[in-house]
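1. Here's a sequence, model it:
(one chain, ligands or ions: 1)
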Amino acid sequence: MELTSIPGVGTKTADALQDLDDPEGALERGDVAALARAPDISPGRAARIARGAIRANYDDAGNITATPPARDIYQDALSLIQERTVTDYGRQRLETLYPSAARARIEDVRERTRAAMERDPSSAVRDALAGVEPLSEPTDLRIRDRCLATSDAETYAKAREAVPEVSVELVEDARTLSELARGYATVVVLDESFAGTDIEGDIRIEPDALEDPSTVVPERTLAFFAQNRDTLQAAAAVHREAGLDAPCDLAALEAALSRLGTDGEVRGDDELDRLTDAVDDIDAAVSEAERVANDHLRDAIEKRDVTIEGTDLLSLVERGAGVDSLLGRELADEYDAAVAAARETLVETLDLRDTVSIARRAFGDEPTYPVEHDESVINRLRTELTAARDRRATEQKHELAADLAGMREDCETLVERALELDVDLAIARFAADFDCTMPELGGEGFTIEDGRSPLLDVPFEEVEPVDYEVTGVTLLSGVNSGGKTSILDLVALVVVLAHMGLPVPAEHARVGRVAELQYYAKTQGTLDAGAFESTLREFGELTTSVGEDGVLVLVDELESITEPGASANIMAGILETLADRDATAVFVSHLASEIRETAATEIAVDGIAAEGIEDGELLVDRSPVKGQLARSTPELIVEKLAEEETDEDAAFYESLLEKF
Ligand SMILES: Nc1ncnc2c1ncn2[C@@H]1O[C@H](COP(=O)(O)OP(=O)(O)OP(=O)(O)O)[C@@H](O)[C@H]1O
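-> Just a heads-up that it's a prediction; the model follows:
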């Protein structure tokens, strides 16, 4: 897909998207999270771009929500589902669902929705989902103990791009290579020509290294998995809890991840741990060995009576000999035992294996008091252990990186499926929380049975179910606060959700396909001349533009724009034209009777009727009665007074009632 062919994507945005690994794939999948990783693209913008791409895919240029109130209803519907996501991804991804006029698009979403509604949004799955987020690439990884070397400028440029984590050096000859070998623990040479060159150090001739850079930098793979470890573990848990098909062996993935520390180091290898501990503990172990030896020796000396012939003592003193000679002569066995204890302590404390013979040499046979280690031997031991540790770490890194590298693609699928499940579960929860069903699509107008709007200002359990069916053009009359506006909202919500491919809050619903939902909310107070003129123009354009694609017009108390007589005339004119053009329309009005009288064609009138008044409150049946003009609230009150009052008062109210 040509990026700039997507509505709203100019060359600047297209350039930003090109920074992504697979912008086309992200657009095709509607992957808002991936798109938002492009520079300067906010999640909101990413959602708009993804929506644009989907529209382009389905050749769906229209806009069903044609007026601000219609768009508000869409936003409200979206929010109700978004509130039920666990992840940010899920919330953003839902923004790609929009009311569409393209049948194929609606059908595709409906198919997914049906499957989603079968899912069980258990709390265990939701808890696991809380730990899942889109995979991210580690940044700023620098490896300083290795470098790449080549004598070829082209290979040099290629290497810098392919392996930005390590230095790449241009070498001319064996001499410059040998200089490099002194500065780095390992030099990976990319040119065959250096094979056989005799240079000291860890020089590896690997002309194919760039084909699989992870062999040069296993840290890249390890850093990726270390950075995403929690997400991957959570995604695995989501698959297990939800019984999803996993793209890979979860146990093997979890086992591999358990060998990786968050810092990208390998853990859980006994040999590596042994060597690491030995290097770390060497100084402490040497001190301990000395202490053991000296305690032993001190003990022995304290317990011994040394008997020495006077001549011997004299000759020792004359030779200037010190206590060492005395030790050598008189306490040789004890000294040997003390040194043996020191050697054993050092070997055992550090759990030494290959380096035992070096360690033993740290304590000499020549008697001294106190017993002291030979620093040069300890330095040698330290060097040997450090080298062994690094070798082991490198081997382990390569081994683990090789295991994990093969799982990378599956891991991407694993996380994607978990995140997409969040979208499905949000839809499932929305459907369950508001007793939704999949609507039928097609036919004229709409039918709603036992519809309950989740947008009302009363708790959902207290919402009274409503039935309403309209084909053609209808006036909806009704008592004050009877629920007329709420019905328009419910109809708009059902129509929007149905065109999004989503379930609707009703026991049963059928929605005719529309290309436009024209919803006009009640205006507050009469308009001045200018505003009145522009509103009239708006309706003028609306009525004359109704075509074959299907328009649903919902209008709430248009009469409030001007004085009642004029309003009735205007509404009658609009309704006549809409009826002529076979539109579907519901006009809520308190002037239904006047409009019907003024209109040249027959206009249907439905009514939300009050069944009576109790404790000053109207008892209302919220479902409009077809073909019945509802009696107004004032009429009901006059009737009540006529019934309740006696004599002259009653006569007055009866005369008033006759005027209705
Ligand atoms: N189906 C319903 N179930 C429960 N309560 C409802 C229902 N429909 C409406 N209501 C309640 O009635 C109130 C008034 O509803 P609404 O504003 O739709 O009436 P209206 O007929 O448009 O009023 P007005 O005469 O002012 O135009 C709502 O705020 C809501 O509390």
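
2. Leu177 versus the residue in the stretch 201-350 of the chain that the ligand sits nearest to, what's the distance?
-> The nearest approach of the stretch 201-350 of the chain to the ligand comes at Ala242, 35.4 Å away (CB to the nearest ligand atom). For glycine as for every other residue, the C-beta is placed from the backbone atoms N, C-alpha and C. The gap separating Ala242 from Leu177 is 55 Å, by CB to CB, to the nearest Å.

3. just to revisit the earlier point, got the contact list for the residue of the stretch 201-350 of the chain closest to the ligand?
-> Each residue near Ala242 by CB atoms under 8 Å, 6 or more residues apart in numbering is listed here: 119-120, 122, 125, 421.

4. Please work out how many residues are found near the closest residue to Arg452 other than its chain neighbours.
-> Among residues not flanking Arg452 along the chain, Val463 sits closest, at 4.3 Å (CB to CB, 6 or more residues apart in numbering). By the other CB atoms under 10 Å criterion, the neighbourhood of Val463 contains 21 residues.

5. next one: Phe539
-> Using other CB under 10 Å, Phe539 has 21 other residues around it.

6. where's it relative to Asn63, distance?
-> In terms of CB to CB, Phe539 sits 19 Å off from Asn63.

7. same thing with Met407?
-> Taking CB to CB as the measure, Met407 falls 44 Å from Asn63.

8. ok, the two, which is more surrounded?
-> Between Met407 and Asn63, counted using other CB under 10 Å, Met407 has the larger neighbour count: 20 against 16.

9. which residues does that one contact?
-> Met407 makes contact with 248, 252-253, 256 under the criterion CB under 8 Å, 6+ apart.

10. any chance of those in TSV, plus pLDDT?
-> Shown next, in TSV, are these (pLDDT from 0 to 100):
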residue	pLDDT
Cys248	94
Ala252	94
Leu253	95
Ala256	93
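
11. Most neighbours out of those residues, which is it?
-> Most neighbours among those, by other CB under 10 Å: Leu253, with 23 neighbours.

12. wait, what's in contact with that one?
-> 232, 236, 407, 410-411, 414.

13. Just the buried residues of these.
-> Buried by 16 or more other CB atoms under 10 Å: 232, 236, 407, 411, 414, out of the contacts of Leu253.

14. out of those residues, who's nearest Gly482?
-> When these are compared for distance to Gly482 (CB to CB), Leu414 wins out at 52.9 Å.

15. Give me the neighbour count for Gly201.
-> Gly201: 14 surrounding residues under other CB under 10 Å.

16. Could you show which parts of the stretch 451-600 of the chain are in contact with the ligand?
-> Counting by CB under 6 Å from any ligand atom, the residues of the stretch 451-600 of the chain close to the ligand are 456-458, 463-464, 466, 478, 480-486.

17. where along the stretch 151-300 of the chain do the helices fall?
-> 153-162, 174-183, 213-216, 218-227, 229-242, 250-258, 270-303 (DSSP state H, counting those that start in this stretch).

18. Ile574 is nearest to which of those?
-> helix 229-242 (51.7 Å).

19. want to try TSV for the contacts of Met407, with distance to Asn57 as columns?
-> Below are the contacts of Met407 laid out as TSV (distance: CB to CB, whole Å):
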residue	distance to Asn57
Cys248	30
Ala252	37
Leu253	33
Ala256	37
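
20. now, which of the residues you listed sits nearest Ala630?
-> Looking across the contacts of Met407 and measuring by CB to CB, the closest to Ala630 is Cys248, at 63.3 Å.

21. who's in contact with the closest residue to that closest one other than its chain neighbours?
-> Setting aside the residues directly before and after it, Cys248 is nearest to Asp410 in space (CB to CB, 6+ apart), at 3.7 Å. Counting by CB under 8 Å, 6+ apart, Asp410 touches 247-248, 253.

22. how much space between Asp410 and Arg103?
-> Using CB to CB, Asp410 is found at 35 Å from Arg103.

23. where are the low-confidence patches of the stretch 201-350 of the chain?
-> Residues of the stretch 201-350 of the chain meeting the criterion pLDDT under 70: 306, 316-317, 319-329.

24. wait, what's in contact with Asp580?
-> Thr601.

25. what about it, distance to Pro454?
-> 36 Å.

26. and if you look at Tyr519?
-> Tyr519 sits at a distance of 17 Å from Pro454 (criterion: CB to CB).

27. Go through the helices of the stretch 151-300 of the chain and pick out the most buried.
-> For those, the largest average neighbour count (mean count of other CB atoms under 10 Å) is found in helix 218-227, namely a mean of 22.

28. Could I get the CA-only coordinates of that one as PDB?
-> The C-alpha trace of helix 218-227 is given here as PDB (Å, rounded to 0.1, in the frame of the first residue of the first chain):
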ATOM      1  CA  PRO A 218      24.100 -12.500  21.000                       C
ATOM      2  CA  GLU A 219      23.500  -9.600  23.400                       C
ATOM      3  CA  ARG A 220      21.000  -8.100  20.900                       C
ATOM      4  CA  THR A 221      18.700 -11.100  21.100                       C
ATOM      5  CA  LEU A 222      19.200 -11.400  24.800                       C
ATOM      6  CA  ALA A 223      18.500  -7.700  25.400                       C
ATOM      7  CA  PHE A 224      15.300  -7.900  23.400                       C
ATOM      8  CA  PHE A 225      14.100 -10.900  25.400                       C
ATOM      9  CA  ALA A 226      15.300  -9.400  28.700                       C
ATOM     10  CA  GLN A 227      13.500  -6.100  28.000                       C
END
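
29. what packs against that helix?
-> If you count contacts as 3 or more CB pairs under 8 Å, 6 or more residues apart in numbering; DSSP states H and E, helix 218-227 packs onto helix 213-216, helix 375-405, helix 408-433.

30. Just say which of those helices is most tucked in.
-> Highest mean neighbour count among the helices and strands packed on helix 218-227 (mean count of other CB under 10 Å): helix 408-433, with a mean of 21.

31. quick one, it and helix 218-227 angle?
-> Taking axes from the mean of the first three to the mean of the last three CA atoms, to 10 degrees, one finds that helix 408-433 is oriented at 10 degrees with respect to helix 218-227.

32. What average pLDDT does helix 408-433 get?
-> Throughout helix 408-433, pLDDT has a mean value of 95.

33. re the thing from before, and which of the contacts of Asp410 is nearest Ala529?
-> Pro247 (66.2 Å).

34. of all the residues in the chain, which ones are close to the ligand?
-> For the chain, the residues found near the ligand under the criterion CB under 6 Å from any ligand atom are 456-458, 463-464, 466, 478, 480-486, 622.
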